[in-house]
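**Q** only the shape, not the letters, is given here:
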């Protein structure tokens, strides 16, 4: 092989690697930002720290994200709000009872979000939303309202099918949301105020909460268990 041909092939290989690296950078930056936001909070995380953890310069970070606020929004979309389309599709295709659907939705949310690093964003927002009203409004629009809509749809399905008794859905949604937030906070509290082993027993915790919710929602003649079946 001639030297010129060898150099051309090496140049092409390096160029391809650089291109692949360039395509991967947004994802690497989002991963680094998620880690730091969860570890340190939004206010304490600096853009240069995110860039350093991702192995790029601060200038490179701002080529992809105009500000730390925009980076945070991208992290939320990538890790939480982007999940709602999948959940809504599963909602539309679900064939079982609404009781079974409730148990499935809570367990699936924990698997997709709660059990992951992304659940730390919930604690972050509860701690810092008051200091960053623009981010609070964004999070409400991207996460809170879509989550409420899914739970409302689920409960309305149960009411329409005669499985659940009529309730005020604006407030009933919190019977589902509250235990999941509690579980997330327990995951990120290092056992300070509650049992440190609770997140490791998330499946049992969720089943218990589903059972408690259903015995408050279901019509008296058809009280199901967390499996969606009426006791014999």
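**A** Arrived safely. If you're wondering where the values come from, they're calculated on a predicted model, not measured in any experiment. Residues are numbered from 1 along each chain as shown.
**Q** for residue 180, give me its contacts.
**A** 106, 109, 110, 114 (Cβ atoms under 8 Å, 6 or more residues apart in numbering). The C-beta positions use only the backbone N, C-alpha and C, and glycine is treated the same way.
**Q** could you save these as TSV and add columns showing distance to residue 92 and secondary structure?
**A** Listed next are the contacts of residue 180 as TSV, based on distance: Cβ to Cβ, whole Å; DSSP: H, G, I helix; E, B strand; the rest coil:
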residue	distance to residue 92	secondary structure
106	18	helix
109	17	helix
110	21	helix
114	22	helix
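**Q** is it possible to mark the buried ones in the residues you listed?
**A** 106, 109, 110, 114 (16 or more other Cβ atoms under 10 Å).
**Q** is residue 195 in a helix, a strand, or coil?
**A** Following DSSP: H, G, I helix; E, B strand; the rest coil, we place residue 195 in the coil state.
**Q** which residue is the nearest non-sequential neighbour of it?
**A** Ranked by Cβ to Cβ, 6 or more residues apart in numbering and with sequence neighbours excluded, the top spatial neighbour of residue 195 is residue 186, at 7.4 Å.
**Q** secondary structure class for that neighbour?
**A** Secondary structure assignment for residue 186 (three-state DSSP): helix.
**Q** shouldn't it be in contact with residue 201?
**A** No. Between residue 186 and residue 201 there is no contact, the gap being 10.2 Å when judged by Cβ atoms under 8 Å.
**Q** when those two are compared, which one has more neighbours?
**A** Using other Cβ atoms under 10 Å as the criterion, residue 186 and residue 201 rank with residue 186 on top: 20 against 12.
**Q** quick one, what contacts the nearest residue to residue 55 once chain neighbours are set aside?
**A** Counting by Cβ to Cβ, 6+ apart, residue 55 lies nearest to residue 28, which is 7.2 Å off, once chain neighbours are set aside. If you count contacts by Cβ under 8 Å, 6+ apart, residue 28 has them with 54, 55, 56.
**Q** how close does residue 28 sit to residue 52?
**A** 12 Å (Cβ to Cβ, to the nearest Å).
**Q** same question, residue 60
**A** Taken as Cβ to Cβ, the span from residue 60 to residue 52 is 11 Å.
**Q** residue 133 too?
**A** In terms of Cβ to Cβ, residue 133 sits 29 Å off from residue 52.
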